[in-house]
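Colleague: What follows is a predicted protein model with its sequence.
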Amino acid sequence: MVCGHGSRDEGAVTEFAAVARGIAERLPQYEVDSGFLEFATPIIRDGLDRLRESGHQHILAVPGMLFAAGHAKNDIPSVLNTYAAQHEGLKISYGRELGIDLKMVRAAGERIREALDAAGGDVPLHETMLVVVGRGASDPDANSNVAKVMRMLWEGLGFGWGETVYSGVTFPLVEPGLEHAVKLGYKRIVVFPYFLFTGILVNRIYDYTDKVAAKNPDIEFIKAPYLNDHPLVLDCFADRVQEILEGSNNMNCGLCKYREQALGFEDEVGLVQESHHHHVEGIGTGHSHGHDHEHSHSHSHSHDHDHSHDHGHSHDHGHHHHPYPHADHPLGPVSMKREDD
């Protein structure tokens with residue numbers, strides 16, 4: 001059971017139906033239905049009725065939402081719990097929202113690349129600014145998730161700068177956020193709505209972009225398409241259904257660049273993981289470390305250890321860190337080095 005929010009916008013309702021079909025295609029072993037909390041039909045109860053009447057006693061429900069704010073945390077569970085209580089013998093298991101997921105970040109990255117490819121030109125990414133627009137909620141946890149997605153896109157693609165703005169409820173809103181963005185001096189600004197579906201808010205985001213662009217004709221504004229039914233979004237929904245039955249691994253390896261394809265860090269999947277700190281284990285700030293083993297491997301580190309005293313081993317060890325994909329970024333790691341380095 002895919003539980004949507006609902007919209008007065010016909011396009012959004014149609015897009016939601018397409019997403020529900022995409023999820024059904026990925027989960028042929030299940031009967032899939034869908035419904036809305038408000039503003040559109042069928043409502044969630046209708047979908048639950050159909051599933052129950054066709055003989056199902058266990059329903060797996062997922063929120064058709066990017067982040068968990070009031071709707072996913074309160075409204076949908078309330079509808080599901082009330083329905084389950086009214087129908088003896090029926091079990092409803094509720095899954096989690098899409099959330100911050102590397103598949104979602106990759107889908108977003110592809111939408112942004114689509115827009116850049118369509119715009120053409122030879123403006124380097126490090127001279128381009130990214131503005132990600134979130135829905136905005138009265139839940140700071142949900143709002144902070146948009147900021148994290150923005151950072152992963154900024155760093156993954158190598159933009160010159162990144163900002164997060166919101167379409168409502170919280171701050172900064174789109175227009176004041178873009179008015180701030182134009183002051184930063186970037187000649188090209190990509191505006192990307194981190195939204196699943198179209199609707200009045202997505203249209204407003206693009207309208208405000210046009211309004212600020214008209215006042216700043218020397219800056220190129222690029223309107224990136226929202227997520228919609230990107231295949232990776234549909235894959236992520238299917239993952240959430242499977243998680244209900246299999247459980248999810250909540251250790252932060254879920255976003256680990258060594259396990260999954262993190263945007264911009266794809267070539268690090270499967271790298272052998274080793275501790276880079278075995279040769280400094282137990283080293284404190286005192287002088288008598290009592291170890292004088294030799295390091296035959298060559299390691300070099302960037303830690304600011306004070307080497308004015310003797311650790312009892314040569315300092316020519318050089319950590320073999322994987323090269324950072326944006327090491328040559330104009331605002332990158334070299335900017336913090338001391339002049340005498």
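Modeller: Arrived safely, thanks for sending.

Colleague: can I get the CA coordinates of stretch 187-207 in CSV?
Modeller: The C-alpha atoms that make up stretch 187-207 are tabulated as CSV, following Å, rounded to 0.1, in the frame of the first residue of the first chain:
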residue,chain,number,x,y,z
LYS,A,187,27.5,33.6,-13.0
ARG,A,188,25.3,30.5,-13.2
ILE,A,189,22.8,29.2,-10.6
VAL,A,190,21.1,25.8,-10.9
VAL,A,191,17.8,25.7,-9.0
PHE,A,192,16.8,22.1,-8.3
PRO,A,193,13.4,21.3,-6.5
TYR,A,194,14.0,18.2,-4.4
PHE,A,195,10.4,17.2,-4.9
LEU,A,196,8.8,13.9,-5.9
PHE,A,197,5.8,15.4,-7.8
THR,A,198,4.7,18.5,-9.6
GLY,A,199,2.1,20.9,-8.2
ILE,A,200,1.5,24.4,-7.2
LEU,A,201,4.8,24.5,-5.1
VAL,A,202,7.0,23.3,-7.9
ASN,A,203,5.4,25.9,-10.2
ARG,A,204,6.0,28.6,-7.7
ILE,A,205,9.6,27.6,-7.3
TYR,A,206,10.1,28.1,-11.0
ASP,A,207,8.1,31.3,-11.0
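
Colleague: Mean confidence (pLDDT) on that stretch, please.
Modeller: For stretch 187-207, the mean pLDDT works out to 96.

Colleague: Buried residues, it. List them.
Modeller: Residues 188-199, 201-202, 204-206 are the ones in stretch 187-207 that count as buried (16 or more other C-beta atoms under 10 Å). Bear in mind the C-beta positions are built from the backbone N, C-alpha and C, glycine included.

Colleague: likewise stretch 9-29?
Modeller: Buried, per 16+ other C-beta under 10 Å, within stretch 9-29: D9, A12, V13, E15, F16, V19, A20, G22, I23, A24, R26.

Colleague: which residues of the stretch 101-250 of the chain score low on pLDDT?
Modeller: Applying pLDDT under 70 to the stretch 101-250 of the chain flags the ranges 249-250.

Colleague: ok, now with 90
Modeller: 138-139, 141-142, 247-250 (pLDDT under 90).

Colleague: Where do the strands of it begin and end?
Modeller: For the stretch 101-250 of the chain, strands defined by DSSP state E, counting those that start in this stretch occupy the ranges 128-134, 161-166, 188-193, 220-223.

Colleague: Could you list the paired strands of the longest one along with their orientation?
Modeller: Strand 128-134 has these partner strands in its sheet, going by DSSP bridges: strand 161-166 (parallel), strand 188-193 (parallel).

Colleague: looking at those, which is closest to R113?
Modeller: Evaluated over the strands paired with strand 128-134, closeness to R113 peaks at strand 188-193, with 10.0 Å, by C-beta to C-beta.

Colleague: that older thread, out of the strands paired with strand 128-134, which comes closest to G95?
Modeller: So among these, strand 188-193 is nearest, using C-beta to C-beta, at 24.4 Å.
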